[in-house]
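Student: The sequence and its predicted three-dimensional model are supplied below.
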Amino acid sequence: MKQYSYYPGCALSAEGFGRAFDWSTKAVNKLLDIEFKEIKDWNCCGSVPYDTLHELASFCICARNLALAEKMGGDVVAPCSSCYVFLSRTNTYLKQYPVLKSQVDEALAAGGLEYHGNVKVRKVLDVYVNDVGYDAIAAKVKKSLSGLKVACYYGCQEVRPIFGHDHPEYPKYMDKLVNALGAESVPFPMKSRCCGGSLIISEEAASLDLIKKLLDSAISNGADCMVTGCPLCQLNVDAYQTMVNSKYKTNYHLPVLFFTQLMGVAFGFEEKDLGLKTSIVPAEKVLAKYI
Amino acid sequence: MEPKIGVYICHCGSNIAGIVDVAKVAEYARSLPNVAVARDYKYMCSDPGQNLIKEDIKTLGLNRVVVASCSPRMHEPTFRRACQDAGLNQYLFEMANIREHCSWVHVDHEKATEKAKALVSAAVRRVYYQEPLESKEVAVNPCTLVIGGGVAGIQAALEIANSGHKVYLLEKEASIGGHMAMFDKTFPTLDCAACILTPKMTSVGQNGNIELLAYSELVEISGYIGNFKAKIKKKSRYIDAVKCTGCGRCSELCPTSLPNEFDCGLGKRKAIYIPSPYAVPNKAVIDGKNCRHLKGLAQGKDICRLCQTGIEKKGLPGCEAGAIDFEQKDETVEIEIGNIIVATGFQQFEPTKIYQFGYGRYDNVFTGLEFERLTNASGPTDGKVVLKDGSSPRSVAILHCIGSRDTNYHKYCSRVCCMYSLKFAHLLREKLPEAKVYQLYIDMRCAGSGYEEFYERLQEEGVNFVRGKAAEITNIAEKPEETGKLIVMVEDTLVRRKRRLPVDMVIMSCALEPRADTEQMARILSLSRKADGFFLEKHPKLDPVATTTDGIYIVGCCQSPKDIPDTVAQASAAAARVLAIISKGTVEIEAAIASIDEEHCAGCKICIDMCPYKAISFDEEKKVSRINEALCKGCGTCVAACPSGAIKGRHFTTEEIMAEIEGVLA
C-alpha cells in the first residue's frame, strides 16, 4: 500500500462544502491500494485573501503544514486547487529565496518545527494518473461508463503555473482518466478557465458571467455532466446554476461532480459512499444507468 | 639561431591607448629576454605600421615578431602577411590581444596596463618556441553541389552554371521552387512570385551545366574543401523521367484523391501527379504510399493501373509515352565536388501548438502560407479569398508574431512577417474592398528598400492597425454581433483597452523556423547550429556566408529568417565565393594542424572518435592513426585525448602553451 500525507484543507474537512470529494477519494483509494494519512493539527493554507495582506505570514502558515508533512514522510496530497497552489508556491519560493527561507525558519522554530524542503506537493489526480496509471484504473472498473459524455473541468489553478502537467491551456490528463472509466470526454475549450473562485462573494456579476460561459461551452459540446478536481469550481458551477438561469434566462441543469465520484460509480460504490447527494444539481438521472 | 624578437604595441587610436599606458608596456617589453626592439605606434595595421615591422625585420635581423593590438580574428592575417613579405615565415609571428581582452573591458588604467604587460610577456615567451611551418596546396574540383532548390539554391546554381562550371542541384521534393513558388505576390513591389521565379526555374531545367537531382536526398558527405564526395539517394518516382512528357493525362485517370501539399492541403491532388503548374522538372511522380496499385502490389495483388491502361469504355487512353514504371527502385549515386552550398530553407511554425488560437479547431483560422495559396490564382480557389463554406469574408484579422518573439516558442523575430502581413492586407483590400481588415501587431518592423513606404501606403488604404498581440481566438459570443464569428481578443495598447474583434477569417503570420531535418543535415555536413537552431555562419557580420567547415556555405533561410532580396544577395555572394576558389584552382591547407608521431602511436583509436571533423582515419597495415591534413582544423582535441602523447598540435605545442602560461603569470 502506497502512503501519502493528506492535507484536506477547509473544503474537504468534515463540514466543508467539498466533503464529498473527501469521501469519494477515500472510497476510491481503498480499491487502488493507496492510503492518505491526514496531517495532524494542520492549519489553513491562507488561500485567496491572506497572502495579499500578510505575505510573509501566509508563507509561514503554509510552511508549517509542509513541516508537519515532512515529519510524516512521503509526498503531501492537497486535493483543493487553492491549497495546492499555495503550498506549492511556498515550497518553490523557500527553495529559491534564501532570505525568505531564513525568515520562515525563524517562525517555524518558534513553534518547535523545521522544514528542509523534502516534500513534494501533489494533487489527487496527479497521484492517480502518474503513480497508479490509467491501465490500473481501467482494470478496476466494474461498470463501464460507456455512453456518458463528460466535460473535464480542470479550473485555472491546477494547471497554472505549470507544475509539470501536460499543457497549461488545454490539458488532457483528466480526459484520459475519464476515458479509462469508459466514458467519453467531450471537447471543452473552457476547461482551464476561471470559475470566479471566491469572487462570487465580492464580484457576483463577473463570476456569474464566467460560470455561464463554462456551462454554455460544456453543454453546447454535448456534455451530460461536468467533472472537476477543485472544490471551489465544483461549488461555483453547481450551486450558482439557479442564479445563472434567472439572470440570463437560461435553463441549465448540468450536474457537476468530482472526478473521484465518477470513478467511484465506475468502481461500483454506492451513492452514499460517494456523497452524490451533496451537490445541488442532482446527478441521479444522468448516472441512473450506472448505479 | 638565437631568437631575436620585435614587439609592437598598437594604440588603436584611443581604443587601447585611452586605457593602457602603451609607452610603459613597450618599455616593459624591452626588458624581456630576447627582445631586440619594442615600439608603440598609433595604428599598427596601417601601411606605415606594417612597414615598421618589415623594416625592422630587414635592418635588425628580427626572426620573431609580436604585435599587441586587437583580436587575432581581426588582423592576424594582416601581420602574418607583413612578416611573409619581409621574408619571415608567418608562423614566427604571434599576437597579443590587448583590446578586446583588455582595454575594452577594463576601466582602471593601472591594472589594465599591468594586464597588457602580462599578455605581451606571454606572447613573447610563446613566440620564442614557435617554429616555421609550410602550408600545402591542393587542387580544387570545379564542380559544386547546391543543396535545396528554393530561390536561394536556384540563384546560386544559376550564377555558378552561367560561369561555365558544373553544378549539381539537389532537391528533396519532386519539383524545385521551394516556398517562393507557393507565394502569390511579393512585397513591397507586388510583382507576382511565379512571374519572377518561373523564368529562373526554367533556366535551371535548360542550363546544360546544371544537373538537377530532384526528388533526391543527401545521405553522406566525405572529403574536404576542393575534394568532397557526396552520396545521394534518388527516390523512385515510378516514372521514367526521360519518357514522361508532363502531359498530365495520368492524373486525370487516377482515382485516388489526396490533399495537395503544394496547396497546404487546401486543394486536392491525385496519387500520380505533377507537383505544380510550373514544376521543374515537369514530370509526373507517383505517391508510393497512396497509389492503389503499389499498395496492392505489397499485398500481392495487381489492381488499378488506370494511369497505365486508361479507361477503354470511355475512350480514355493511358500513358502513351509508356513512362510509368512500377518496378522503379530508389537509386544511390556518388558525385565528386569541390564546394557545397547549403540552401535548405525553413519550415513554417506549426500553430496548433498554441491552443488558444484555435488553429485546427476553427475552420477559418489560416496560416500565412495557406493564405498565400488561397489568394494565388493557381491555388485551390483560383485566387478567390473565401471561407471554408465558400462565402467571402467580410472581416479579416491578421495576427503578427505567431511563434516569433515569444519566449514559449521562438525568441527571435522572423523578419518577414510584418511585410507579408501588409501584403496580405493589401491583397484583401484589393479583392474584397468591402471587407474590414485588421493588423494586430506588437510593433511594425519594416526595414528594407521601399518597405516603410509600403507600410505608409497600407495605412492610407484603410487597414485597421491595432497595436497589441492577440491573446486568444474564441467562438463564444457575448454580444449579438459576435454570433457566428471568430472573436479575436487583444489588448489594444494604444487606446489602453481590451478589445474583442469579431471577424470571419483569421490569418496567422507564423514564424519561420529551422526545418525539422536541420539536425540531421548538420550532422551529415559537420555544421554547427545557433541557439535558435539555424545553421551557424563563420562570422555573424564579416562572414555570414561561410561556415566553420571550409568549402561549405550557407545561404537563405537555413542561416536565419530573411526575405527574398536578402536571400538572393546571399546566394549570389556564396556563388562568388565558390567561383573565386574554382578560378584560383587550388586551396591552401592550414599548417597549424595536428601531426602523429607514428613511433609512439599505440593504435588505440581514441582520437578517431574524438575528432569533430572526421579528419583521422586508421592505417590497418601499420596499426596507427593517420591525420588527413586537408580536413584537420587544428582544434587540438586529439592532442589532449591521446593517452600516449603521440599527437602534436603544430603551432600549439606543449612547450609553446606552457611558455605562454608562464608569461602571463610572470
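Tutor: Yes, it's here. Numbering: from 1, shown residues only, chains lettered A, B, ... in the order given.
Student: OK, contacts around the residue minimising distance to the centre of chain B?
Tutor: Nearest residue to the geometric centre of chain B (CA atoms, centre = their mean): B:Q559, 2.7 Å. Counting by CB atoms under 8 Å, 6 or more residues apart in numbering or on different chains, B:Q559 touches B:F534, B:F535, B:E537, B:P544, B:Q570. Using the backbone N, CA and C atoms, a C-beta is placed for each residue, glycine as well.
Student: residues touching the second one, list them.
Tutor: By CB under 8 Å, 6+ apart, B:F535 lies in contact with B:V342, B:T518, B:A522, B:L527, B:S528, B:R529, B:T547, B:I554, B:C558, B:Q559.
Student: Check what pLDDT the last one gets.
Tutor: The predicted local confidence for B:Q559 comes out at a pLDDT of 97.
Student: hmm, back to that, which of the contacts of B:Q559 ranks first by neighbour count?
Tutor: Counting neighbours by other CB atoms under 10 Å in any protein chain shown, B:Q570 leads these with 26 neighbours.
Student: Give me the nearest residue to that residue, chain neighbours excluded.
Tutor: Counting by CB to CB, 6 or more residues apart in numbering or on different chains, the nearest residue to B:Q570 once its immediate chain neighbours are dropped is B:V555, at 4.5 Å.
Student: Mind listing residues that contact the helix or strand containing B:Q520?
Tutor: Assessed by DSSP states H and E, B:Q520 sits inside helix B:518-525. By CB under 8 Å, 6+ apart, the surrounding residues in contact with helix B:518-525 are B:147, B:218-221, B:340, B:342, B:344, B:515, B:527-529, B:533-535, B:549, B:552, B:558.
Student: Whichever of these end up buried, select them in ChimeraX.
Tutor: One line in ChimeraX is enough to select the buried ones among the contacts of helix B:518-525; burial here means 16 or more other CB atoms under 10 Å in any protein chain shown:
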select /B:147,218,221,340,342,344,515,527,534,535,549,552,558
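Student: what about B:P565, how many neighbours?
Tutor: Neighbours around B:P565, by other CB under 10 Å: 12.
Student: In this structure it contacts B:S449, no?
Tutor: Yes - B:P565 is in contact with B:S449 according to CB atoms under 8 Å; the separation is 7.3 Å.
Student: still on that earlier bit, for A:V159, state which of the contacts of B:F535 is nearest.
Tutor: Nearest to A:V159 among the contacts of B:F535: B:T518, at 31.7 Å, using CB to CB.
Student: Check the gap between that closest one and chain A for me.
Tutor: 25 Å (CB to the nearest CB, to the nearest Å).
Student: burial measure for the residue in chain B positioned nearest to chain A, as a count.
Tutor: Checking chain B residue by residue against chain A with CB to the nearest CB singles out B:Y355 as nearest, at 4.0 Å. B:Y355 has 18 neighbours, counted by other CB under 10 Å.
Student: Equivalent analysis for the one 3 residues further on, please.
Tutor: Residues near B:G358, counting by other CB under 10 Å, number 20.
Student: Check B:E94 too.
Tutor: Neighbours around B:E94, by other CB under 10 Å: 26.
Student: Would you mark the buried spots in the helix or strand of chain A with the lowest mean pLDDT?
Tutor: Using mean pLDDT, DSSP states H and E, the weakest-scoring helix or strand in chain A turns out to be helix A:50-53, at a mean of 83. Of the residues in helix A:50-53, A:Y50, A:D51 count as buried by neighbour count, 16+ other CB under 10 Å.
Student: That helix packs against which elements?
Tutor: Packing partners of helix A:50-53 (3 or more CB pairs under 8 Å, 6 or more residues apart in numbering or on different chains; DSSP states H and E): helix A:55-72.
Student: Now do the next helix or strand after the helix it packs on: distance to the chain's middle.
Tutor: The helix or strand immediately downstream of helix A:55-72 is strand A:76-77, counting by DSSP H and E. Counting by CA atoms, centre = their mean, to the nearest Å, strand A:76-77 is centred 12 Å from the centre of its parent chain.
Student: likewise stretch B:2-11?
Tutor: 41 Å.
Student: Dump it to CSV, keeping only the CA atoms.
Tutor: C-alpha atoms of stretch B:2-11 as CSV (Å, rounded to 0.1, in the frame of the first residue of the first chain):
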residue,chain,number,x,y,z
GLU,B,2,69.0,32.5,-31.2
PRO,B,3,65.5,34.2,-31.4
LYS,B,4,65.6,37.9,-31.9
ILE,B,5,62.1,39.3,-31.1
GLY,B,6,60.5,42.6,-32.2
VAL,B,7,57.5,43.7,-30.1
TYR,B,8,55.0,46.3,-31.4
ILE,B,9,52.3,47.9,-29.2
CYS,B,10,49.4,49.4,-31.0
HIS,B,11,47.5,52.4,-29.7
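Student: Domains of the chain: list them as residue ranges, please.
Tutor: Just so you know, I chose chain A. Domain assignment for chain A by automatic domain parsing gives A:2-122, A:133-287.
Student: should've been chain B
Tutor: Split by automatic domain parsing, chain B gives B:5-133, B:137-177+B:198-235+B:330-338+B:518-586, B:249-317, B:347-513, B:590-650.
Student: and the contacts of B:Q559 as a markdown table, adding pLDDT, secondary structure and distance to B:I596?
Tutor: Output for those, formatted as a markdown table (pLDDT from 0 to 100; DSSP: H, G, I helix; E, B strand; the rest coil; distance: CB to CB, whole Å):
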| residue | pLDDT | secondary structure | distance to B:I596 |
| --- | --- | --- | --- |
| B:F534 | 98 | coil | 36 |
| B:F535 | 97 | strand | 31 |
| B:E537 | 95 | coil | 32 |
| B:P544 | 95 | coil | 35 |
| B:Q570 | 98 | helix | 39 |
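Student: Just the C-alphas of the helix holding B:Q520, formatted as CSV.
Tutor: Provided in CSV are the C-alpha atoms of helix B:518-525 (Å, rounded to 0.1, in the frame of the first residue of the first chain):
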residue,chain,number,x,y,z
THR,B,518,18.3,20.6,-39.7
GLU,B,519,19.9,18.4,-37.0
GLN,B,520,20.3,15.6,-39.5
MET,B,521,21.8,17.9,-42.1
ALA,B,522,24.1,19.5,-39.6
ARG,B,523,25.4,16.0,-38.7
ILE,B,524,25.9,15.0,-42.3
LEU,B,525,27.7,18.2,-43.2
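Student: Next, the contact list for B:V35, please.
Tutor: Here B:V35 is in contact with B:I5, B:G6, B:V7, B:A29, B:V124 (CB under 8 Å, 6+ apart).
Student: Could you do A:V244 as well?
Tutor: Applying CB under 8 Å, 6+ apart, the residues near A:V244 are A:L208, A:I211, A:K212, A:L215, A:T250, A:Y252.
Student: where does the fourth one land in three-state SS?
Tutor: Right, A:L215. helix (DSSP: H, G, I helix; E, B strand; the rest coil).
Student: interface residues of the stretch 301-450 of chain B facing chain A?
Tutor: B:I354, B:Y355, B:Q356, B:G358, B:R361 (CB under 8 Å from any CB of the partner chain).
Student: these two touch, right, the third one and B:V488?
Tutor: No - between B:Q356 and B:V488 there is no contact, the gap being 10.9 Å when judged by CB under 8 Å.
Student: the more surrounded of those two?
Tutor: Between B:Q356 and B:V488, B:V488 has the larger neighbour count (other CB under 10 Å), namely 25 against 16.
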